[in-house]
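> Sequence below, structure please.
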Amino acid sequence: MFDNLTGKLQSVFRNLRGLGKISEANVSEALREVRLALLDADVNFKVARDFIERVKTKSLGLEVVQTVQPGQQVIKIIHDELVELLGSTNAGLNLSASPACLMLVGLHGSGKTTSTGKLARLLQKQGRRPLLVACDVNRPAAMDQLETLGKQLELPVFLKRGETDVTRIAVEALDFAKANNRNVLLLDTAGRLQIDEPLVQELVRLRDRMRPQEILLVLDAATGQEAVSVATHFDQALGLTGAILTKLDGDARGGAALSLKAVTGKPIKFAGTGEKLEDFEAFHPERMAGRILGMGDVVSLVERAAEAIQEEDAKRMEEKMRKGEFTLEDFLDQLRQMKKLGPLENIVSLLPGGDQMLKGADLSKGEREFRRMEGMICGMTPKERKLPQILNAKRRQRIAKGSGVSVTELNTLLNKFGQMQQMMRKMGKFQRMMSKMGGQMPGRGF
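So this is what the prediction gives:
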């Protein structure tokens, strides 16, 4: 979402890195470009102005560290101020009550129902026992959608078709939760195409009756400047505790994310990064600032990998590699593990400098190549995957035809895999030799 902003800031940073000394003239020139980049990203103009003033004041009052280039110190100030702008630290949920009540509000189409399911999945992974409550009695498909999400997550959904009093639905859901050992209620409320008084009053009555621990505004990142106005209106009426920003994987300019905390004082607590239920994460200002400035987000990448790949599986695979027992079946498992991490573009974007790597790159080719390799291996029998040396011409023709590729493509895959196996065997021998000598394999920590 921040690609355009990141590109412009990277250009400014290249000029800053070359500064021999800091002066009001060169700092003002650089910050003018930063201000224009923020405004172009649809950041609220007052927020952009105040941000630049703070950075300028700190830059000109900077005590230059001899071992660090002046320009690098200004970049550090911009990074720190951006973290502060986004909310400083991750704001967790208040789940102290039992059951805790979380109320999701927002305009129609912002992604409330989907976000309710995503948040339920996240809480479920943390050991909570959520109950999805259908409090949207206006949109005909809302209850059906929530019910479908509940089935996908294997979680209960409380709904009452035909009932129009959302307060009554919520109260009965609370009784149901207590009777069925559910410790978190997620209220999926109704939205409108625009804010109107009947909607607000319905939500106020629901809030007064249920007294939720969290009132979370679900905002579409593509809303832009209007998002700040919407957030302010909902906050004045309901007293928001935070926000969920959806569709961060889109091509929106990102101004909502950068303006929201500064204007409303309410933290962004979660971010939706895709269409799947697992594409949902806690919002960490420091990590997001790193992504915006092109510094990557290695911590999130590691967390994503840890979630997708079981530690025992990783150790087992490592052992097979070291012993040279890595088969095509194992290679297939590795391809599927990589797919769990998400699209290749998303993975690369979390690496430092990943935005530069992505420029002009057609990662869709890599995705297609993964799928073709998976198709070829799936076209083999278990014995063929374990012993690829038995793949004669007839077997190769059968596999190629069944997976929709040419025999040449299949041969290329098998040749590359053979080279990989040889390299693994050599590395395994080298490691065993180093162990006998009382050393360790370079790059390993044990």
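> Share the number of residues neighbouring the closest residue to residue 282 other than its chain neighbours, please.
In this structure, residue 282 finds its nearest non-sequential neighbour in residue 90, 5.5 Å apart by CB to CB, 6 or more residues apart in numbering. For every residue, glycine as well, the C-beta is placed using N, CA and C. Other residues near residue 90 number 15, with proximity taken as other CB atoms under 10 Å.
> so where does residue 90 fall, helix or strand?
Assignment of secondary structure by DSSP states H and E places residue 90 within no helix or strand.
> i'd like the first residue to be 15 from this point on
Got it, first residue is 15 now, which makes that one residue 104.
> What score does the residue nearest the centre of the chain have for pLDDT?
For the chain, the residue nearest the mean C-alpha position is residue 287 (4.6 Å; CA atoms, centre = their mean). pLDDT, residue 287: 81.
> try residue 436
At residue 436, pLDDT is 75.
> Could you do the one 4 residues further on as well?
Among the per-residue scores, residue 440 shows a pLDDT of 65.
> Surely residue 386 and residue 420 touch.
No. In this structure residue 386 lies outside contact range of residue 420 using CB atoms under 8 Å: 10.6 Å.
> And the two? Which one has more around it.
residue 386 (16 against 10).
> Run through the residues that contact that one.
Residue 386 is in contact with 417, 419, 423, counting by CB atoms under 8 Å, 6 or more residues apart in numbering.
> Checking it next. Helix, strand or coil?
helix (DSSP: H, G, I helix; E, B strand; the rest coil).
> distance of it from residue 99?
Noted for residue 386: a distance of 44 Å to residue 99, by CB to CB, to the nearest Å.
> And for residue 41?
Applying CB to CB, the value for residue 41 to residue 99 is 19 Å.
> Kindly report the same for residue 30.
Taking CB to CB as the measure, residue 30 falls 19 Å from residue 99.
> can you check residue 394 too?
For residue 394 relative to residue 99 (CB to CB), the value is 53 Å.
> repeat for residue 105
When residue 105 is compared with residue 99 (using CB to CB), they lie 14 Å apart.
> who has more neighbours, the two?
A count of neighbours by other CB under 10 Å puts residue 99 above the other of residue 105 and residue 99, at 23 against 20.
> what's the more buried one in contact with, if anything?
61, 65, 272, 275, 276, 299.
> what helix or strand does residue 68 sit in?
Residue 68 belongs to helix 59-74, assigned by DSSP H and E.
> What is that helix packed up against?
helix 38-54, helix 84-100, helix 269-278 (3 or more CB pairs under 8 Å, 6 or more residues apart in numbering; DSSP states H and E).
> Which one of these lies nearest to residue 158?
For residue 158, the closest of those is helix 269-278, at 29.1 Å, according to CB to CB.
> Please state the offset of the very next helix or strand once past that closest one from the chain centre?
Of the helices and strands lying after helix 269-278 in sequence (DSSP H and E), the nearest is strand 282-286. Taking CA atoms, centre = their mean, to the nearest Å, one finds the center of strand 282-286 at 9 Å from the center of the full chain.
> So what touches strand 282-286?
By CB under 8 Å, 6+ apart, strand 282-286 touches 100-101, 104-107, 125, 128-129, 132-133, 136, 230, 256-263, 271, 274-275, 293-297, 302.
> Worst mean pLDDT across the helices and strands of the chain, which element?
For the chain, counting by mean pLDDT, DSSP states H and E, helix 368-372 ranks last in confidence among helices and strands (a mean of 52).
> Where do the strands of the stretch 265-414 of the chain begin and end?
Here the stretch 265-414 of the chain has its strands, by DSSP state E, counting those that start in this stretch, at 282-286, 294-296.
> Which neighbours in the sheet does the first one have, and how are they oriented?
The reference is to strand 282-286. strand 256-260 (parallel), strand 294-296 (antiparallel) (DSSP bridges).
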